[in-house]
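S.K.: Return atomic coordinates for the entry below.
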Amino acid sequence: MSEQNSKNKAQQKWRHRTGPVNFGVIRERLRATKENKEMPNQAESQAEMFCETSQSKKGEPLDQETTNAMAQLKDLIENSSQQPDEAFQSVFGKEKPGRVQCH
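M.R.: I've put the predicted structure just below:
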């Protein structure tokens, strides 16, 4: 069992740094920070969730690959007409059936 878990963990490409805090709590926290903006009830994008969950509490990214992915996401969102979810899909590829990334 331990060996199988080690193999699976080694295959994981994007790790999150949320600890015991689940994604629902993080999503609500992001939604609360959006309340003063134009569309407070707009759902958080996968790109926002990835950036929020892939850095330490101090705001430091995990590794160089994560840093590159976050920079590419921010660049696509800011400098093109792509929506955040479209930018996420162009960086990470299409989701596999039965799997949901960052939600």
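S.K.: Does anything pack onto the longest helix anywhere in the chain? Which helices or strands?
M.R.: Looking across the chain with DSSP state H, the single longest helix is helix 64-79. Using 3 or more Cβ pairs under 8 Å, 6 or more residues apart in numbering; DSSP states H and E as the contact test, the elements touching helix 64-79 are helix 46-53, helix 84-92. Every residue, glycine included, has its C-beta placed from N, CA and C.
S.K.: between that helix and helix 84-92, what angle do the directions make?
M.R.: Counting by axes from the mean of the first three to the mean of the last three Cα atoms, to 10 degrees, helix 64-79 lies at 140 degrees to helix 84-92.
S.K.: how far is stretch 73-93 from where the chain is centred?
M.R.: Centroid displacement of stretch 73-93 relative to its chain, using Cα atoms, centre = their mean, to the nearest Å, is 12 Å.
S.K.: List the residues that contact the nearest residue to A87 once chain neighbours are set aside.
M.R.: With sequence-adjacent residues excluded and distances taken as Cβ to Cβ, 6 or more residues apart in numbering, A87 is closest to L76, at 3.8 Å. L76 sits next to Q82, A87, S90, V91 when contact means Cβ atoms under 8 Å, 6 or more residues apart in numbering.
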